[in-house]
Structure formats: C-alpha cells, structure tokens
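Asker: Next input, structure requested:
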Amino acid sequence: MELFSNEIASTLQYFTFPLEVVGLTLAAIEVRFPQVASRINRYLLEEENYQGRMSQKPIVETILRPEVPPVGPLRKLDPLQMRVLTISMVGIGCFIFLLIAYNMYQEGHYLPAFMTVVLLLVIVASFKHMSRLGSVVYRFVNDWVPGRTVGTLGIIIAGIGVLGEAYQFTTQLVV
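Answerer: As a prediction, the model looks like this:
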C-alpha cells in the first residue's frame, strides 16, 4: 500500500470537507454574531464545576434540553419542536454516515467503509463520556485565546480539515 493514493485522497474528502465547514461556521459565528458566541462561552463556563470538569450530565441530555437559548428563526420554536429538530439533525447525520459507508462498500473500498461505521459507532457510544473530553478541549481552547472559545475551536477544527486537504494536494502532485 502506497503512502499517497488517489483512493485514500478521495475517501478523505468525505471527512475533511465537513470539518472545514463546521470550523469555518464556528469562526463566522464568533466574528459575525459575537453575542451568540459569548452566550455559548458563558454557558460552557457555567458548566465547569469547581474541579475544572464539565458536569457529568450526558451530552445527549444537553443536546435535547439546550440551556443556550436558540437564536434567529429558531427562537420561534418551542422546546418540543427544538428537540424534534435536534433529533432529526442527528438522525440525518447518522444516515449520511451510513450512506457514505454503503457507497464505499459498493465500490469495493471495504476498509474505509468499515472505519466509517466504526467511527459512527464510537461517536454514538461516547455521547455519555463526551463531557469529560469536552472539558479538556474547552480548557485548552479557552486558555489559548481567553474569551474567544467558539472562534478558536472553529479555527482548530478547520485546521484539521486543512491537513487532510494538504494530503490530497500532495497526492495530486506525487501521483
């Protein structure tokens, strides 16, 4: 197996593009909607307890019962509609992951398909333990650029996506 392969580069695109979109969206929220970013940051600060850890409330409960009030057109939704929207978005995300895995499987890319399904299962299974990981990431990001957690996290996520793009660019040059 070669280090640089068009097959790996094309599969990597499924992961790098969403990372860049999410990262740039978070950075745009920090720049364009500073009130929203400060509310999210304030919420995260309140979630940290005296030991420097996020509360052990499962992330699913946090998603389904968001304490951060919605903004923009979502402000008109009542809590039940907000839960339905959140569950729908998570379900659509899982469906897209499985669709990508199935497509890769049909094309004969068995290892990337298997890794995509494993990644989805790890994400779903770790929902309960994400609060500890979230605490570590939050402290790192908040210490790096205090008060600008949302934008900094967005830049880091987009940077990870750019690393994948760099691999793809190098593959185009080498192969």
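Asker: and residue 81, how far is that from residue 87?
Answerer: 11 Å (CB to CB, to the nearest Å). (Glycine included, C-beta is placed from N, CA and C.)
Asker: same check, this time on residue 145
Answerer: Per CB to CB, residue 145 is found 33 Å from residue 87.
Asker: now residue 172
Answerer: From residue 172 to residue 87 the distance is 40 Å (CB to CB).
Asker: can you check residue 101 too?
Answerer: 21 Å.
Asker: the more surrounded of the two?
Answerer: Shown here are residue 101 and residue 87; by other CB atoms under 10 Å, residue 101 has more neighbours (21 against 13).
Asker: confidence score at that one?
Answerer: With respect to pLDDT, residue 101 has a value of 83.
Asker: residues contacting it?
Answerer: The contact partners of residue 101, taken as CB atoms under 8 Å, 6 or more residues apart in numbering, are 113, 114, 116, 117, 120.
Asker: could you redo the last one with a cut-off of 6 Å?
Answerer: The contact partners of residue 101, by CB atoms under 6 Å, 6 or more residues apart in numbering, come to 113, 116, 117.
Asker: Kindly tell me how buried the last one is, as a neighbour count.
Answerer: Think residue 117. 17.
Asker: Flag the shaky bits of the protein, pLDDT-wise.
Answerer: For the chain, residues meeting the criterion pLDDT under 70 lie at 1, 44-75, 77, 79, 82, 124-136.
Asker: let's see 80
Answerer: 1-3, 40-90, 93, 109, 112, 116, 119-143, 147 (pLDDT under 80).
Asker: Now do the helices in this structure.
Answerer: 6-32, 34-47, 59-64, 79-106, 110-125, 130-144, 149-174 (DSSP state H).
Asker: The longest one vs helix 6-32, what angle?
Answerer: Just to be clear, that refers to helix 79-106. Helix 79-106 runs at 160 degrees relative to helix 6-32, counting by axes from the mean of the first three to the mean of the last three CA atoms, to 10 degrees.
Asker: List the buried residues for helix 79-106?
Answerer: Neighbour-count burial for helix 79-106 flags 82, 90, 97, 100, 101, 104 (criterion: 16 or more other CB atoms under 10 Å).
Asker: who are the neighbours in contact with residue 110?
Answerer: Applying CB under 6 Å, 6+ apart, no residues contact residue 110.
Asker: ok, so what distance separates it from residue 175?
Answerer: For residue 110, the distance to residue 175 - CB to CB - is 21 Å.
Asker: for residue 36, same thing?
Answerer: From residue 36 to residue 175 the distance is 43 Å (CB to CB).
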